[in-house]
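Novice: generate a structure from the sequence data that follows.
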Amino acid sequence: MASLAITNDGTGITVATMYEAGTLSATGGGGSGFAGTYTISPTLGIASITGDAGVAGQNTGTVAWTTSGGGGSGATGTAIYSSGGHVTSWTVTNAGSGYTSTVGLTIIPAQYEWNDPGQISITIDGVNGTINGTSITNAGVGYTTAPTIVISDTGGVGGVITPTLTSPGATPAPLNAAKTNAKDAWTVRGSADLPPWGGTYILRKTYLNRTEEGSLSTAIEGSSGNATTSNPRRKTIDYFVRPVRP
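Specialist: A predicted model of the protein is given here:
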């Protein structure tokens, strides 16, 4: 696999831990071995609220809330209070987005007041968001058609990543190996000559040849790599190679 493109960044795409990468795999396409990762841009909404802030002067009922501070906006919900104004549960109706810190983030009741707002504990969601990056860690082998890329760690919807295969019909620029008199002994000039693993490339080998009865032979005769022919010539062969990960 040569590259990955984010066709749809999705919503609610998850990773296991905030700001860490999730994993990608592939199904179909006739090949195997592909592995990759993806990163998300977290929406940073309000994930949950806990704590008994208490509602001043009220016994039972529901109070709507909004937020102030924390760098974000848009979060709304309700708090259920009973037994002398004690808050028994919180509901997040809209998580909002962009809340980067709980420092300075407060829950504002739409009516009444909290008895003890310091008891409110807020959790920001940093593991759900939209896909913003991909990486290939193993290009795999044998893919003849584009496989389906599987976003393994997701509870979201809509995320689509489309792969591009190395085209077998493409003709990359040749990489010239060092010239040698040996029929099969040839080496690359240096590790820098081979591009990174995962693509298909041409490696060009030039070696001495001789003519036998008018035909071009790949046989080399002689000692110590020195050809013994009255009509020597050079022959060049291009090898398609695929570097593999060590």
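
Novice: using CSV, write out every CA atom in stretch 42-52.
Specialist: C-alpha atoms of stretch 42-52 as CSV (Å, rounded to 0.1, in the frame of the first residue of the first chain):
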residue,chain,number,x,y,z
PRO,A,42,-10.8,15.6,19.8
THR,A,43,-14.0,17.6,20.1
LEU,A,44,-13.3,18.2,23.8
GLY,A,45,-16.9,18.3,24.8
ILE,A,46,-18.3,17.7,28.3
ALA,A,47,-18.3,13.9,28.9
SER,A,48,-19.8,13.8,32.3
ILE,A,49,-20.6,15.7,35.5
THR,A,50,-20.8,14.3,39.0
GLY,A,51,-21.2,15.7,42.5
ASP,A,52,-23.9,17.0,44.8
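
Novice: got the buried residues for that stretch?
Specialist: Residues 42-47, 49, 51-52 are the ones in stretch 42-52 that count as buried (16 or more other Cβ atoms under 10 Å). Every residue, glycine included, has its C-beta placed from N, CA and C.

Novice: who's in contact with that stretch?
Specialist: Stretch 42-52 is contacted by residues 18-19, 67, 72, 74-75, 77, 79, 86-88, 90, 92, 94-100, 107, 116, 119-130 when judged by Cβ atoms under 8 Å, 6 or more residues apart in numbering.

Novice: could you chop the protein up by domain?
Specialist: 3-43+128-164, 46-122, 175-241 (automatic domain parsing).

Novice: just the terminal-to-terminal distance for the longest one.
Specialist: It refers to domain 3-43+128-164. End-to-end distance for domain 3-43+128-164: 5 Å, by Cα to Cα, to the nearest Å.

Novice: and stretch 111-124, by the same measure?
Specialist: So stretch 111-124: terminal residues 24 Å apart, Cα to Cα.

Novice: three-state assignment of A26?
Specialist: strand (DSSP: H, G, I helix; E, B strand; the rest coil).

Novice: neighbours around it, how many?
Specialist: A26 has 22 neighbours, counted by other Cβ atoms under 10 Å.

Novice: isn't it right next to T137, touching?
Specialist: No - between A26 and T137 there is no contact under Cβ atoms under 8 Å: 11.9 Å.
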